[in-house]
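*Asks:* need a 3D model of the sequence below.
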Amino acid sequence: MEIMNKRNNFLENLILLSIGVYLFFLSRRGGDTKDIISILIMVFTLVYSYKNRIKRYLFYKKEIIIGAIYIILVGISYIITPDKNSDKFYTFTHMTIFSIGFFLVMLNFKLNNKYTKYILPLLILISFPPLEKGIIDLCSHLNEISGYRIAGDSYTTKYASELGIYFLLGIFSLMYYKKVYLKLLAFLYSLAVLILIFGTQSRNTFLALPITIIFVLILFNWKKGIIVSLILFGGIFLLFKYNHNLETINRIDSSITSIKKVKVDARYTIFSDGIKEAKNYPIIGKGFYYYKNQKLYSANENLDHYHNNFIETAVTQGLLTLIVYIIFLVTLFIRMLKNYFKEDDRLKRYIKLFGLAVFIFSNLYGLFEPIFYFEKIYQLIFTIITITFIIDENKIS
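*Replies:* Numbering: from 1, shown residues only. Predicted coordinates for the structure are as follows:
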């Protein structure tokens with residue numbers, strides 16, 4: 001028995017160490033290194049599961065079965081897709097194996113409660129390299145910032161989604177920590193991220209963030225949440241009315257503040273074309289990431305995709321895959337809600353609510369960009385969701 005306990009402790013420590021190294025390379029957009037470590041973590045977890053039984057897998061069997069079916073269907077769409085290359089394979093593996101697959105494998109691992117207190121500080125720490133890139137980009141283009149969209153050594157749309165996650169991280173850190181100096185640090189962190197978000201001029205982030213914040217605040221405390229929501233709506237109204245030519249607000253105002261503006265925006269045409277095309281593919285789509293390298297012509301532009309998770313899935317992977325994808329998201333969301341409401345520990349409750357916020361934000365963002373093609377960001381999203389599950393105390397016997 002003592003030898004068995006030592007082996008289990010060794011495996012747990014090995015997984016923990018590997019996760020720390022993985023997060024480090026993930027923060028630096030670590031290329032193949034983070035993926036190799038991710039594979040090692042999954043292998044270690046499977047060995048750990050073999051030694052410690054699979055009771056947590058059984059508890060989450062519904063999520064695992066639906067998630068596995070979804071990965072298989074996406075795999076079929078990759079098999080039939082034309083023009084396979086290393087870039088497309090990289091996107092495919094990060095949309096499936098290194099994101100959802102990683103999450104499913106990790107479900108049987110339970111993080112020791114004594115390490116929970118390090119989660120928020122560690123997540124903030126790994127956000128520093130991307131934030132540094134954004135600050136350098138912002139400072140380098142201060143003279144032309146009104147007409148320039150920062151990208152943080154990436155693409156603006158990808159970087160804006162990443163910043164949205166870090167802003168939510170700052171807000172939840174601000175809510176959780178009680179000490180004044182920690183609250184001040186969390187406030188300064190959130191303010192720095194917000195400035196960078198303005199620098200991206202991202203309509204998607206500025207639309208998705210308020211909705212996400214309102215939803216989680218109502219979940220957290222519905223009375224205070226409604227009051228804060230009304231204040232937030234009032235602030236947004238004033239921002240639109242007296243924006244002093246802020247480029248981000250102007251971009252939103254010029255495209256979605258009336259039905260007439262929506263119908264002349266490029267996204268409306270792209271979405272309409274995608275919905276029409278999707279009707280032709282009830283089972284199997286045209287092939288994974290079919291339009292990569294700007295093979296799609298819509299709204300007088302050459303595009304890589306339909307700028308929407310669900311439309312892109314329907315066209316390239318088929319309506320059957322879309323249905324399974326939606327079922328997976330709904331099942332995952334319900335499970336995350338259940339895990340949040342049953343939690344009594346204050347810190348775990350905040351972490352789980354943060355995970356819910358990231359889930360909601362990423363899916364709202366996915367209404368305007370296929371976020372599952374943002375390889376590193378998609379990994380980050382499911383890493384955060386994974387953390388909310390491995391800290392959970394489920395009661396299966």
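
*Asks:* can we go C-alpha only for contacts and neighbour counts from here?
*Replies:* Will do.

*Asks:* quick one: low-confidence ranges for this protein?
*Replies:* Confidence mapping of the chain against pLDDT under 70 gives the ranges 1-8, 29-30, 224-225, 228-229, 232-233, 235-264, 395-397.

*Asks:* where along it do the strands fall?
*Replies:* 296-298, 301-303 (DSSP state E).

*Asks:* how about the contacts made by N309?
*Replies:* G366, L367, F368, E369, P370, I371, F372 (CA atoms under 8 Å, 6 or more residues apart in numbering).

*Asks:* report the longest helix in this structure, please.
*Replies:* helix 2-27 (DSSP state H).

*Asks:* chain center to that one: distance?
*Replies:* Computed by CA atoms, centre = their mean, to the nearest Å, the chain-centroid distance of helix 2-27 equals 24 Å.

*Asks:* please apply the same query to stretch 180-187.
*Replies:* The answer for stretch 180-187 is 25 Å, by CA atoms, centre = their mean.

*Asks:* ok, I371 to D83 distance?
*Replies:* Distance of I371 to D83, given as CA to CA, to the nearest Å: 22 Å.

*Asks:* picking up where we left off before, what packs against the longest helix of the chain?
*Replies:* helix 31-52, helix 119-140 (3 or more CA pairs under 8 Å, 6 or more residues apart in numbering; DSSP states H and E).

*Asks:* how far off helix 119-140 does that helix point, in degrees?
*Replies:* 20 degrees (axes from the mean of the first three to the mean of the last three CA atoms, to 10 degrees).

*Asks:* and helix 2-27, which residues are buried?
*Replies:* Neighbour-count burial for helix 2-27, counted by 16 or more other CA atoms under 10 Å, picks out 8, 11-12, 15-16, 18-19, 22-27.

*Asks:* quick one: these as a markdown table, columns for distance to N293 too.
*Replies:* Below are those laid out as a markdown table (distance: CA to CA, whole Å):
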| residue | distance to N293 |
| --- | --- |
| N8 | 47 |
| L11 | 43 |
| E12 | 43 |
| I15 | 38 |
| L16 | 39 |
| S18 | 35 |
| I19 | 34 |
| Y22 | 30 |
| L23 | 30 |
| F24 | 31 |
| F25 | 28 |
| L26 | 26 |
| S27 | 27 |
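
*Asks:* could you work out the most separated pair of those?
*Replies:* N8 and S27 (28.6 Å; CA to CA).

*Asks:* what about the helices in the stretch 151-300 of the chain?
*Replies:* 156-176, 180-200, 203-220, 222-241, 247-256, 259-264, 266-278 (DSSP state H, counting those that start in this stretch).

*Asks:* run the chain-centre distance for the first one.
*Replies:* If I follow you right, that is helix 156-176. Counting by CA atoms, centre = their mean, helix 156-176 comes out at 10 Å from the chain centroid.

*Asks:* got a list of contacts for it?
*Replies:* Counting by CA under 8 Å, 6+ apart, 120, 123-124, 127, 131, 149-152, 182-184, 186-187, 189-190, 193-194, 196-197, 200, 202, 205, 209, 347, 350, 354, 357-358, 361-362, 365, 369, 371, 374, 377 sit against helix 156-176.

*Asks:* tell me which residues of that helix are tucked away?
*Replies:* Result for helix 156-176 [16+ other CA under 10 Å]: buried residues 156-174, 176.

*Asks:* got it, and the last one?
*Replies:* When neighbours are counted by 16+ other CA under 10 Å, the buried residues of helix 266-278 are found to be R267, T269, I270, F271, D273, G274, I275, E277, A278.

*Asks:* okay, these in CSV with distance to F341 next?
*Replies:* Below are the buried residues of helix 266-278 laid out as CSV (distance: CA to CA, whole Å):
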residue, distance to F341
R267, 37
T269, 41
I270, 39
F271, 36
D273, 41
G274, 38
I275, 37
E277, 41
A278, 38
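
*Asks:* out of those residues, which is nearest to V324?
*Replies:* Checking those one by one against V324 (CA to CA), the nearest turns out to be A278, at 15.4 Å.

*Asks:* from G152, how far out is the residue nearest to that closest one when sequence neighbours are not counted?
*Replies:* Excluding the flanking residues, the one nearest A278 by CA to CA, 6 or more residues apart in numbering is V315, at 4.5 Å. In this view, V315 and G152 are 31 Å apart by CA to CA.

*Asks:* could you do R56 as well?
*Replies:* Relative to G152, and taking CA to CA, R56 is found at 39 Å.

*Asks:* V315 and G152: who's more crowded?
*Replies:* More crowded of V315 and G152, by other CA atoms under 10 Å: V315, with 29 against 23.
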